[in-house]
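Engineer: show me how the following folds:
(3 chains)
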Amino acid sequence: MKLRDFILRRMILAIPVIFGVLVITWFLAFQVGDPAAMYINENTPQSAIESIRKAHGLDEPPHIQFILYLTNLFQGNWGESTSTSFRPVLEVIALKFPATIELAMLAMFFAIILGIPLGIISATKKDTVVDHFTRVFSLAGVSMPIFWFALMLKYVFYYQLAIMGLPHLPGSFRYDDLMFPDFKYTTGFLLFDSIVFEHNPRLFLDALAHLAMPAFCLGYLTLAIITRMMRSSMLEVMREDYITLARSKGLSERVVIYKHALRNALIPTVTVIGLAFGGLMTGAVLTETIFSWPGLGTWAARAILNSDLAAINGFTLLVALIFVTSNLIVDLVYGTLDPRIRYG
Amino acid sequence: MADTKDLVLEVHGLKTNFYTYEGVVKALDGVELFLRRGDTMGLVGETGCGKSVTARSILRLVEPPGRVEEGEILFREIDPKTGEVNAVDILQLDEDEMLHIRGGKIAIVFQDPSTFPNPVFRIGDQIAEVILLHQDMKHDVLEMKINKLERILNMNPPPVNVSEIVAHLEQLRSMRGNPPEPDEKAKKKAAKWRAIEMLKLVRMPSPESVVNQYPHELSGGMRQRALIAMALACNPSILICDEATTALDVTVQAQVLNLLNQLKKEIGTSIIIITHDMGVVAETCNWVAVMYAGTTVETCATDELFANPLHPYTEGLLHAVPKLHEERERLPQIPGSVPNLIHPPSGCRFHPRCDFATEICKTEKPKLEEVQPDHWVACHHPRI
Amino acid sequence: MSEHYFDDVESYELKGMNHLITWLLHLLAGLVILTIASTILAFQITALIAIQIGFSITLSESFAIGALQLLIAVIVSYILIKLSIAIQSSELWAFSTSLYLNLLLLILLATMGTIGMIFIFLPIITLISLFLPNIREYWFPLFKEDMGPRIKEIRYSLYLVRKSPLVVAGVIIIVSFVVLAFLAPFFTPYGPEQRIWADYNLPPGSPSTDPNMPIHIWGTDDSGGDVFSRIFWAAQVDLRISVTVVAVAVTVGTLIGAISGFYGGKIDELVMRITDVFFAFPGLVLAMAIVMALGERSLDNIAIALMVTWWPGYARLVRGQVLAEREKLYVEAARSIGASDMRILLVHIIPNTIQPIIVSATMDTGGVLLTAAGLSCIGFGPPAGVDEWGLMISIGQFYYSIAPWAVFFPGFAILMTSLAFNLVGDGIRDIMDPKLRRR
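Structural biologist: Purely as a prediction, here's the structure:
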């Protein structure tokens, strides 16, 4: 009951945030270009332009157009993505969302699996070679230009290996459509589809190989953030009195670190993981562009360059929703990790 | 000195240094302590004289940049089977043996109940943890089962299959001499049951619900009791209370001190109470050691100390305690302040503040000697 | 037909292998030399800083530092000359002509000479004169009394800095990049935006097709621009952008955050909701949209977009700090003696919240650099031809298989600069954190 109230209240609080995002993107997009320009060319007669404007409500003043946009939004009409052959934005999102989420999930998985142990090791061996190495490794992740890193990975693991005639990782797309010409997406999550619907382990492995480089590239930043957070919160926790108490009980150093310290140090790390999920969306724009990944990131970058207003609005709205949701999830996880937090 | 068999803990020439940027802080420089079995010893001194460092050194819990440099900490334990007394030097033990002593043989209660319990674990789990670690749970599991069956038998209305239960109970009772090895789950359950017993022992109100609560849900006094329960959970030979009552209200403080005294009688633990409050010492301790700037300056029975202090510092300390039946304009104080431990005074560390200092005090460090029967003082000019 | 096909592949493979090896070797040599050069430079500059702020260093120590510098200079020059002779005599390196090494040597010696003379000996002479007994007696006792505790703190900080090699490395990299960016006109063989169209996609170390032009140390890009020169010209632009953006964001964010935290109430509520909205955006996408909305794709617009997206972070940070400080006793004390709100805020509260701002500003300088480069890499930057790291990668990515050096070097420059800022920021946090600073 309390939990439900908490979630409800958080959702109500999210409304002004989402509304703010809508206002800013819509008016920015309004500046980017004339939406009517997509429907016309030099040969379109003036009268036709007028009628096109009227048909799409573009002859109204901006604030009326915005309200029109909002009403359409609530009716499930997010507009048409002009850069994706005029398909409805929601349809394009449904099509491309699984690709991005699959990539982001794998990147996150990889970042968490590696990042937390690295942070612990770095903190427990503070000021040793291991620690310095881990710090440089994680700071390099924070400072890594993703687009460049992606290109370099592609150059080494795809191009160089390929011209040397060695087995190499694929450099673009989600699967090899020459090898699997008959494949059709069911849910859109390729790893899932290949096993559950296609019963094709080779497709699964191929998809995994295609995911490897983009996921590593995208996950490295998150990995770095998690490692750093884990290290600093571990260091902080290790100075706490309850660690001394745990030691005074005769617990071995392993138990002290992995039970008493870890549980406390995870609390701030979880927050960072949640926030980093939003960051993955930013990273996806860059990574997907380099690896020709048919996901939301590529779509968004192209939409902005092509002044595809409905797509810009749709993408930012979606990301804002993801952000708000992941924050809510973080708060819920927080509550289970830290008994001092009570919803109410 | 009395028969060494009586002594459960002996500390000789303990030196602990802290290596800081500004220099080496010689926090402990030749601490001498001895604790008799079943005694309550007060360890008193000003703030920063090294009481807490002594406690942590005994448990080898001094953290970098600190390090125990030299000395001898003899811990004498009575073997429960043979009744023989085994002495071990704590400083010579390896880390694994040390883990066995910490919490199991020597336990410590820390000063601040608000920061010491781990905030993310339930009180019961934190107590059970130390029980599981140090105790062989065979007997406890059996006792718990017997206890449960007895409770069922005493229920009103009585259960239908009384004879069956009684038979089972008899069978379990017959195993008391040689209980079977329990499984992990039963052990955990028994540890929790023991935790409740421990909370009852420290007079915790409604222990059954407290075991499932988190530290932040308890008051300061309750948390301190929980910490004491945690420390006493394995019937340690020595319990060190590092300013365990300082952070509490006076009323709660009195409760906790009474509790300690009763527990000592119930469990037979020797207690070291670290405090700067002479009142607490007078009330609870039968033996006392006075520390000054990292050294033991005087140690004797409590009554003896209050009646007949031999070290000038102790004398000053006792004078500084306000008394009800005296009317004084202002309390006498010891001139000067606690010395800088990076560059401690030569010879006797108290000599710059001492009214009776002579040349020898500046050059030679006095040894702790038995100047009167059962009364040790480290001073060149004891106030006999 | 098929035979020909295999022939082709084989030759292609060989070429690829060869290519990679020579390219890697060049890269290695270039990096070694650059590292040595920049280490020496940075060493000199740090020594200068140390001498200037560490007034407590004795005379003999400053002489020792000067002598050490000279010694190192001689040794390094000797090694470099030896190295260049050795490399030139080797066949593999035949086409890595002497010019490239001699040029570096020249830069090295020139900087050694000028910087050494101006920055090392000038302060030493000043110091000597300051420490002459009859001059010294005027200032030293006063200075000592005044600055005693502060100097102690500074010395302790320097001690902590010395103890963390990562911070030292970061400072060295930043200083060398800044210095190299400033000195770009003096040592880059090609001018800004200078192209030799015939020299497209040449590997590192290739001579120019124009016999009068210098060698291409790190190769050329698709339009015949010299990668080495472009990188250092671009350093000017990129560093300027990131520093400007952070400076503006810090100022605006601090002011808004401080006011919001100090006055609380409705202003606070409003500011926090606005920052919430900004946080719900992916920063890059918002910046992209702003650049597009501003009309023209240029570095200035990228800078504006980044300022707009970056201030909310500082506003939040400062607000939190101010909220904590506001309740403290010293503020109460200031108010009790009649200080105005503005005075309390500017003189008492903000200086006490400055430390986390410095840390996050340092680290953000790297972050802004990354984002700006990222924006211009996916096509929101200036038109092709401008010297800017992100743009170089953006253009280079289409030729990454045949001219990887045109992508590698600018990206590596971004990575190193950003890493250096992060190293320093991270180190400063550890050093300034009162909890970690215990002795």
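Engineer: hey, let's count contacts and neighbours off CA atoms from now on
Structural biologist: Fine.
Engineer: what mean pLDDT does stretch C:185-193 have?
Structural biologist: If you average the pLDDT over stretch C:185-193, you get 81.
Engineer: whoops, stretch C:283-290 was the one
Structural biologist: pLDDT averaged over stretch C:283-290 gives 82.
Engineer: in chain A, which residue sits closest to chain C?
Structural biologist: Proximity of chain A to chain C (C-alpha to the nearest C-alpha) peaks at A:V32, 4.3 Å away.
Engineer: what about residue 200, neighbour count?
Structural biologist: Just going to use chain A. Residues lying near A:N200 (other C-alpha atoms under 10 Å in any protein chain shown) number 13.
Engineer: not what I meant, chain B
Structural biologist: Neighbours of B:K200 (other C-alpha under 10 Å): 15.
Engineer: any idea of the pLDDT on C:A181?
Structural biologist: 84.
Engineer: go on, B:C300?
Structural biologist: For B:C300, the model assigns a pLDDT of 88.
Engineer: that one should be in a strand, yeah?
Structural biologist: Yes. Secondary structure of B:C300 (DSSP: H, G, I helix; E, B strand; the rest coil): part of a strand.
Engineer: please look at it and B:W287 and confirm they touch.
Structural biologist: Yes. The pair B:C300 and B:W287 passes the contact test of C-alpha atoms under 8 Å, sitting 5.9 Å apart.
Engineer: what about the nearest residue in space to B:W287 that is not next to it in sequence, neighbour count?
Structural biologist: Once flanking residues are discounted, B:W287 sits nearest to B:A301: 4.2 Å by C-alpha to C-alpha, 6 or more residues apart in numbering or on different chains. B:A301: 17 surrounding residues under other C-alpha under 10 Å.
Engineer: point out where the chain drops to low pLDDT.
Structural biologist: Since you didn't name a chain, this refers to chain A. Within chain A, the ranges that satisfy pLDDT under 70 run A:1, A:33-42, A:57, A:342-344.
Engineer: that was the other one, I meant chain C.
Structural biologist: C:1-126, C:129-131, C:134-136, C:138-139, C:142-150, C:434-439.
Engineer: what segments of it are strands?
Structural biologist: In chain C, no strands are defined using DSSP state E.
Engineer: got the domain boundaries for it?
Structural biologist: C:2-148, C:164-437 (automatic domain parsing).
Engineer: how near is the nearest residue to C:P356 once chain neighbours are set aside to A:K125?
Structural biologist: Of all residues not flanking C:P356 in the chain, C:R429 sits nearest, at 7.5 Å (C-alpha to C-alpha, 6+ apart). Taking C-alpha to C-alpha, to the nearest Å as the measure, C:R429 and A:K125 are separated by 19 Å.
Engineer: quick one: which of the two has more around it?
Structural biologist: The neighbour comparison of C:R429 against A:K125 (other C-alpha under 10 Å) goes to C:R429, with 18 against 13.
Engineer: what's the end-to-end length of stretch A:45-63?
Structural biologist: Start-to-end span of stretch A:45-63 (C-alpha to C-alpha) is 27 Å.
Engineer: list the buried ones in it?
Structural biologist: Neighbour counts over stretch A:45-63 (16 or more other C-alpha atoms under 10 Å in any protein chain shown) mark A:49, A:52-53, A:58 as buried.
Engineer: just these that are near chain B?
Structural biologist: Near chain B, taking C-alpha under 8 Å from any C-alpha of the partner chain as the test, no member of the buried residues of stretch A:45-63 is found.
Engineer: where are the low-confidence patches of chain B?
Structural biologist: For chain B (pLDDT under 70), the answer is B:1-4, B:247, B:323-332.
Engineer: got the residues of it near chain A?
Structural biologist: So chain B meets chain A at B:59, B:61, B:96, B:98-104, B:107-108, B:110, B:115-120, B:130, B:133, B:214, B:216, B:231 (C-alpha under 8 Å from any C-alpha).
Engineer: again, only this time at 6 Å
Structural biologist: Contact residues (C-alpha under 6 Å from any C-alpha of the partner chain) of chain B with chain A: B:99, B:102-103, B:115-118, B:120.
Engineer: kindly report the same for the stretch 251-400 of chain C.
Structural biologist: With the criterion set to C-alpha under 6 Å from any C-alpha, the stretch 251-400 of chain C comes near chain A through C:277, C:280-282, C:284, C:292-293, C:370.
Engineer: so of those, which ones are in helices?
Structural biologist: Judged by DSSP state H, the subset of those located in helices is C:277, C:280, C:284, C:292-293, C:370.
Engineer: can I get these in a markdown table including neighbour count?
Structural biologist: Below are those laid out as a markdown table (neighbours: other C-alpha atoms under 10 Å in any protein chain shown):
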| residue | neighbour count |
| --- | --- |
| C:V277 | 21 |
| C:A280 | 24 |
| C:L284 | 22 |
| C:M292 | 25 |
| C:A293 | 21 |
| C:L370 | 26 |
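Engineer: report the two of those separated the most.
Structural biologist: C:V277 and C:L370 (22.6 Å; C-alpha to C-alpha).
Engineer: quick one on the thing from earlier: give me the subset of the ones in helices among the residues of the stretch 251-400 of chain C next to chain A that also touch chain B.
Structural biologist: Okay, of these, nothing touches chain B (C-alpha under 6 Å from any C-alpha).
Engineer: circling back to that earlier point, please identify which pair of the buried residues of stretch A:45-63 lies farthest apart.
Structural biologist: Across those (C-alpha to C-alpha), the longest gap, 10.4 Å, separates A:I49 and A:L58.
Engineer: Three-state assignment for the residue nearest the centre of chain B, please.
Structural biologist: By C-alpha atoms, centre = their mean, the mean C-alpha position of chain B lies nearest to B:I240, the distance being 0.9 Å. Following three-state DSSP, B:I240 is assigned to strand.
Engineer: ok, it touching B:F110?
Structural biologist: No. B:I240 lies out of contact with B:F110 (C-alpha atoms under 6 Å); the separation is 8.4 Å.
Engineer: now the helices for chain A?
Structural biologist: A:2-32, A:46-55, A:62-74, A:89-124, A:129-142, A:146-153, A:161-163, A:190-196, A:201-238, A:241-248, A:253-255, A:262-290, A:296-305, A:309-337.
Engineer: and A:W148, what does it touch?
Structural biologist: C:G411 (C-alpha atoms under 6 Å, 6 or more residues apart in numbering or on different chains).
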